[in-house]
Every structure is written in C-alpha cells, then in structure tokens.
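**Q** Starting from these lines, generate the structure:
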Amino acid sequence: MSTEERLAFWKRPFRLFQPNLRKIDAKNMKVEELVDQAASFGANVMLINGGGIVAWYPTDHPYQTVNEYMDFDYLGEVLQAAHARGMKVLVRMDVSKSFPRVLEEHPDWFRRTRDGEVPTHWDMLQTCPSGPYWEEYNFKVVGELLERYEIDGIFYNAYNYNRCYCQRCKQKFLQATGYEIPENENWDDPAWRAFVQYRYAQLSDYTRRLSAFIAEQSPGTVLTIDTRLTDDEHAGIREAGWHEAEMAKHTACITAEAFNFLDRPFPRWIYWAGEEVKLGSHFSHTAIILSHSKTIFHRRAAQPPAQIGYDLIQIAANGGSPAIAFSGDSQQHDRKALESIRHVMTFLADHAQEYEQMKPIAQVAVVYSKRTVDYYGRERSSERWQHHYRGMYEMMVENHTPFTVLHEARLTEEDLTRYACIALPNIAILSDEAAAELDRYVEGGGRLIVTGETGFYDQDGYPRKEGNILRCLSGFALASPPVKGTYWTIEQADLFSELQDTDLLMGYGDLVAVPTAASTSHTEDLAIVPPLTNTTPEFSYWETTGEHKGLHLLRHGQGGVAYLPWAIDKGYYEMGIDEYRSVIDSLIRDAIGELLMDTDAPRSVEVTIARREAGGFLIHLLNATGRVGGKPLTETIPLHLIRLRIRGSWQEAIALHGAERITLEQKGAYTELVIPKLNLFEAIVLQ
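**A** Numbering: from 1, shown residues only. This is a model prediction of the structure:
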C-alpha cells in the first residue's frame, strides 16, 4: 500500500476498538482472541497499549517500565494478528506521568508547582511539557517503535501542556512574551491572557514537530492525539492547551473524547458526541472515542446499553468515526452494554460503503467561538457563553433543522456561502476579518440570526469603544445599564406561526443592546414589559410597554439579520422555555425558505441528512424518547408512524436497520415517507 493510500484511510469513516489494558491483563493473554474480539465488534481499527509510562514491548529505553506481567511482545503480536485480518493499528503513548525512580535521576524532566513541588495525578508524578522528557526522550521512544514495527499510527493520551513553574518554563515564557508566568487566573492581567495563547501555541507547535518526525521516520504512519473539542467546563480544555483549529493541521484525523460519564453536571448535555463531529469535521475527519465505563473512577461498571448505542449512532449519523474504549478487553465484569455496542458497530460495518461515501448536509450553521469562550466567558465561561451556544444547538436539533457547527476559524467566504443562514449565539468576540466576511455574506444575500452581545467585544474581551464591529449591526449600542423586563409582548402574530395561542413570551435575562436612533429601515417586535416587582396576584399587571424591543429584522444589502439582543438561547438551555424554540424556528424558516426536510417526529428524535455519492440521501432518525429528567438513556420507547417530508420527487426508501417497509407519497414539492416503527435508530436510503 502506498503512502498516499495509507494516509487516505484516516480521511473516511472507520470503527475503532480500544482494549485499554490493565497491566494484569497481560497474564495468560491470547492475542489472537483479543483481535477476534475487536473483529466481532465490527472494528477495522484497534487502539492498543504501546509505551510511555508502561512499555508493552521489549524496549531498550529504561525510563518506560516494561509491564512485569508480560512475558511476550504484546505490541508486536497484536500488530501481526491485526494486520493479518486487514485491520489498522494505532499505538497508544502517554508521556504525561512517570515514576519516582526517574525523578531521582532526572529532576528536570518533571513539572513544578509555584512552591517547587512535583505535582501528582492519580498518585503518579507529572512531567514537564517543555522538558527533556517530552523534547528528547519521547522522540527516542517513538523512533524505536517506528524502527522495529510497521505501525499505522501513534495516538497520544493525556496530551496536555499543563501549567509548570520550573525555571525552564518561566524563562521560555518570559522570552516569548516579556511576562512572568502568572500565579493565578486573572483575565484583567495581560500576562494571563498571553499565557492562555502561549500554551495553545506551544502545544500546537510540539504537535507539528512530532508529526513531522513521525512522517520522516516512517512515511505513511500517522499521528493522532487525545483531545476534547468541547466540554461541560471549557477551563479543562484551556488548561490542557488544546486549540482544535491549530492542532488539526498536524494530525491525520481528529480523535476526540466524548466520555458520557454519569457524573457529568446537569442539565446533562446529550449531544456531545455528534456536536464534536459537526465541529471537527470542518478541519479534518473526526473520530469520537466513547467510554464503556460509567465514570472514570468506576472503569469496570458499564454504561447503560441504550445510552452507549445512541451515542455511537449519533457519531456515525453526523459523518464521524465511532470508537469505543474498554477497561481491559471485552471480557467484562459488567456485560450488559456489550450487545448494544456490537449491534451498532456491526451494523455500521455491514453498511460501511454508505457511511464512507456520505456527505452531511446543513442549511444552517451555528458558530462556535473559542475566543469568546476564553476571553469573554473567562472564569464563568459556561454561564456567560456556553449556555447560549448550547441553547441554540438544542433548538436546532429539536426543530429538526439540518445544521452544522462552524468554528470561528472557518468564517470565510468559501465556508459561509454553503449555508442559507448563520446563527451567532452571543458571539461577543469577532475578529475584524470574521466580521468583514459575515457582512459580505449578508450583503450577498445571506441571513444571520444573532443574539445577545454578538460583535460588541474586542479580542481581549472588553467592550469595543466604536460599538458593534458588524456593519449590519452598526445601528446598535450596548445598553448601559442593561434593560430589565418581565415579558416580551408579541405585536405581529404572523411572524411566529407556532405561537397563535399566546400574546407574550416569558422574559429571560436583560436586554443588552438597543438601537442608537429611530429607524424605518427595519421591523421590530417583542415589546418589553418593564419589571413587575410586586407579583402579588392583585398587582401582577401592566398598562404600558417599554420603548425597547426584543426582535429587530434588518435588511443589509441583499440579505438580512434577525437580531435578538437578549438571552433567548441561554433561556432555552437553562429553563426549556418552549416558546423560544418556536421563535427561532419561525426565524429560520423565514431565512431559508423551504426546508430540505421536515417531520412530525417528537423533539426527542434527532434527524440528520447526508448526500449519497450514488445519488439521493442517507437519513438518520435517533430516538431518545426514553430519556427521563436529564438522566442517562436507559430504555428505548418505540415510536410509530412517523412522517418525514423530503423536498423533491423520490421513488424508493430503504430502511437499513428496520425490517418494515417505508411507504412514499408525493405531496406537492415534497415526498412524504411514513416510517412504521422507530426503535433506537433508523437509517434510510432515499433514492
């Protein structure tokens, strides 16, 4: 196989099985049986233990400890057996931690606190990301692996540029920025702001150099790294030094975690796996690694079968590669989820050609801004920004809108013009370049849905003195102080087709921006009702509304903007105010005209659509109806007679997963499909 063919493999969907072995698993290990297990789960890639902390092969480098339970070459034998079955193998490395004996000989290899102590993680000593262990020893170990074995790829676990106060790290940062390493997170301190960008840049550069070394030593062998593109708390991503847009330039594909552990905070974010695929796929093909474990501290307790199955198919339905990580091999104490995993993964293997050739379709793009979550969100990033973004994402899913997530780094003309509408959920920080591209997009006929303080803040997270950087919103200024209210009253009912039985919306959050002058060039609605401070029944009324409005519909060039200068998206995420979803749905439909698809499925059903290389569409319906109160999905409640409308004239609908026949009927410009029964998921080929 040529180098080009080897590299091309990682650019299309695959199915990954990771036996994350404990040292003791090497006792009486039968390698052929392990590879058979992977094959039985439909995998065509294995991610196996390699080196770093513990070596799973006979190494000549003494500072990685050879597994004392191993009396054979585990790495070499798995590679041989897997390759014989046509599987690819990623070799797992971890250079984040080491042992006391190594500290005694090489104290400069280790991370230091402000007090000069070596910090620990899970009772292991943490290494310094700028020290000789990373910069020299790691390259020697990788060189040994590549010289001895025919390796398809190397995967780095715990790949973090952790904060270190050793003299070397302090000197490097001082030389690069002119600042001392800050002692604490303080976003008003320019040293801290520089430190955030410094770590992103350092880890991205290390990734570049490591990737180049691997390519030089073994052309066709790839680098992938353990990362997260999004998280419940962005601080973890920032502390790790992960900058997805930059690191993706130097890896064969994105391999991101979406460990749906049961101890995640409420309200539980159920779209993590698919969200990371949507976001990552604009940079590189994206594989999402799921954990079989309930929590990181309970590795041998299994996820609920319905939940893990749902997460796996969510990855595939969005065009990504599903990966499952086990503690040990598939011989588990808790076996209840194994059949669900096997069922989904073998289904994907049986229909591999469909998934390899699918190209997800989106009419709307929701923007994700790393700069906003860092410099505007700061130490309260979830509250100040992420809840806005997640609320917008949820409304798109629950309205069954075909959409994607577009990173701020992809706000270019080429990327923007693929979509009929761009949603900007409180994207407070926009670069000059991104703002100019968005204005050109609208001038050329594009449509924006904008919320909150979008465009009002500079690159350091401070209000812009010149006002909003978007020309299409230049007639607005930040309200000082923000305008408080109790309700939004609907003045033009025809704007909101789903809200014919209500004349008002519950208020949520403050009105943060107001027009700077009266204008006749745009439409306004949602008049604010001033705060009702006395909610005694006899006094819960108002006689007049305020002067400000919660919705502005503006024309700009050939396109337009729907601006909601308040927290409609955050309100949906935090309180589930259903009328907010209806408002966004009406604005989306107005912006893009006819939807590509529509359905009467409940909002608990996620729908995706992709173009097939052979013509037609591949459509997925994912059923999370059994989820209760934000808890994990523990049962599947079947749904019946779901109607799905697809624009165009179509002759045949084939259910790849279900056994029952799907009927079709032409109704005007749409073809209506009736799906007799939906269990956990369905995949439909429409042609």
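
**Q** Following the chain onward from the host helix or strand of L438, which element is next?
**A** Using DSSP states H and E, L438 sits in helix 432-443. Later in the chain than helix 432-443, the nearest helix or strand by DSSP H and E is strand 447-451.

**Q** Report the secondary structure state of A82.
**A** helix (DSSP: H, G, I helix; E, B strand; the rest coil).

**Q** returning to what we had before: could you tell me how far the helix holding L438 lies from the centre of the chain?
**A** Taking Cα atoms, centre = their mean, to the nearest Å, one finds the center of helix 432-443 at 25 Å from the center of the full chain.

**Q** burial measure for the residue lying closest to R268 once chain neighbours are set aside, as a count.
**A** Excluding its sequence neighbours, the residue lying closest to R268 (Cβ to Cβ, 6 or more residues apart in numbering) is G630, at 4.6 Å. C-beta coordinates here come from the backbone N, C-alpha and C atoms, glycine included. G630 has 12 neighbours, counted by other Cβ atoms under 10 Å.

**Q** Next, the contact list for G630, please.
**A** F266, P267, R268 (Cβ atoms under 8 Å, 6 or more residues apart in numbering).

**Q** contact partners of the helix holding L438?
**A** 408, 411-413, 416-417, 422, 424, 430, 448, 455, 469-472, 556-561.

**Q** Wait, F347 touches A655, no?
**A** No: applying Cβ atoms under 8 Å as the test, F347 and A655 come out as separate, 11.9 Å apart.

**Q** before we move on, the earlier item: per-residue pLDDT, the residue nearest to R268?
**A** pLDDT for G630: 81.

**Q** how close does it sit to S382?
**A** As judged by Cβ to Cβ, to the nearest Å, G630 and S382 stand 16 Å apart.

**Q** Same check on I429?
**A** 16 Å.

**Q** who's more crowded, the two?
**A** Each of I429 and S382 has its neighbours counted (other Cβ under 10 Å); I429 has more, 28 against 18.

**Q** quick one, phi psi at the nearest residue to A517 once chain neighbours are set aside?
**A** Once flanking residues are discounted, A517 sits nearest to G475: 6.8 Å by Cβ to Cβ, 6+ apart. When read as degrees, to the nearest 10, the backbone of G475 gives phi -90, psi 20.

**Q** Can you work out which other helices and strands pack against the strand or helix carrying T255?
**A** Here T255, judged by DSSP H and E, is contained in strand 254-257. Applying 3 or more Cβ pairs under 8 Å, 6 or more residues apart in numbering; DSSP states H and E, we find strand 254-257 packed against strand 222-227, helix 272-280, strand 286-291.

**Q** ok now do T372, which residues does it touch?
**A** Going by Cβ under 8 Å, 6+ apart, the list of residues near T372 reads W385, E408, N426, I427, A428, I429, Y457.

**Q** So it: helix, strand or coil?
**A** Under three-state DSSP, T372 falls in the helix class.

**Q** Begin at 88, not 1, for the rest of this chat.
**A** Sure, I'll start counting at 88 from here, so that last one is T459.

**Q** Please name the nearest non-neighbouring residue to it.
**A** Nearest residue to T459, sequence neighbours excluded (Cβ to Cβ, 6+ apart): I516, at 4.5 Å.

**Q** For the stretch 588-737 of the chain, which segments count as helices?
**A** For the stretch 588-737 of the chain, helices defined by DSSP state H, counting those that start in this stretch occupy the ranges 655-662, 665-679.

**Q** In JSON lines: those, plus mean pLDDT.
**A** Below are the helices of the stretch 588-737 of the chain laid out as JSON lines (pLDDT from 0 to 100):
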{"stretch": "helix 655-662", "mean pLDDT": "97"}
{"stretch": "helix 665-679", "mean pLDDT": "97"}
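
**Q** Could you save those as TSV and add columns showing distance to H385 and mean neighbour count?
**A** Putting these into TSV (distance: least, Cβ to Cβ, whole Å; neighbours: other Cβ atoms under 10 Å) gives the following:
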stretch	distance to H385	mean neighbour count
helix 655-662	28	23
helix 665-679	35	20
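
**Q** mind listing what the closest residue in space to W472 that isn't next to it in sequence touches?
**A** Excluding the flanking residues, the one nearest W472 by Cβ to Cβ, 6+ apart is G464, at 4.1 Å. G464 makes contact with H321, E470, R471, W472, Q473, according to Cβ under 8 Å, 6+ apart.

**Q** now that we have those residues, which one has the most neighbours?
**A** W472 (28 neighbours).

**Q** Quick check: the gap between that residue and A564.
**A** W472 is 21 Å from A564, by Cβ to Cβ.

**Q** now E485
**A** Taking Cβ to Cβ, one finds E485 at 33 Å from A564.

**Q** quick one on the thing from earlier: the helix holding L525 vs strand 534-538, what angle?
**A** 130 degrees (axes from the mean of the first three to the mean of the last three Cα atoms, to 10 degrees).

**Q** State the mean pLDDT of helix 519-530.
**A** pLDDT averaged over helix 519-530 gives 98.

**Q** So which bits of that helix are buried?
**A** For helix 519-530, burial by neighbour count (16 or more other Cβ atoms under 10 Å) applies to A521, A522, A523, E524, L525, D526, R527, Y528, V529.

**Q** Which parts of the stretch 388-537 of the chain are strands?
**A** 408-414, 446-447, 451-455, 490-494, 508-512, 534-538 (DSSP state E, counting those that start in this stretch).

**Q** With just CA atoms, put stretch 518-537 into CSV.
**A** Coordinates of each C-alpha in stretch 518-537 appear next as CSV, following Å, rounded to 0.1, in the frame of the first residue of the first chain:
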residue,chain,number,x,y,z
SER,A,518,-12.2,39.4,14.7
ASP,A,519,-12.0,42.2,12.1
GLU,A,520,-11.6,39.5,9.4
ALA,A,521,-14.6,37.4,10.6
ALA,A,522,-16.8,40.4,10.9
ALA,A,523,-16.0,41.6,7.4
GLU,A,524,-16.7,38.1,6.0
LEU,A,525,-20.1,38.0,7.8
ASP,A,526,-21.0,41.4,6.4
ARG,A,527,-20.1,40.4,2.9
TYR,A,528,-22.1,37.2,3.3
VAL,A,529,-25.2,39.2,4.3
GLU,A,530,-24.7,41.8,1.6
GLY,A,531,-24.6,39.0,-0.9
GLY,A,532,-27.9,37.6,0.2
GLY,A,533,-27.1,35.5,3.3
ARG,A,534,-29.1,35.7,6.5
LEU,A,535,-28.0,35.9,10.1
ILE,A,536,-29.8,35.1,13.4
VAL,A,537,-27.9,37.0,16.1
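
**Q** Off-centre distance for that stretch?
**A** Using Cα atoms, centre = their mean, the offset of stretch 518-537 from its chain centre is 24 Å.
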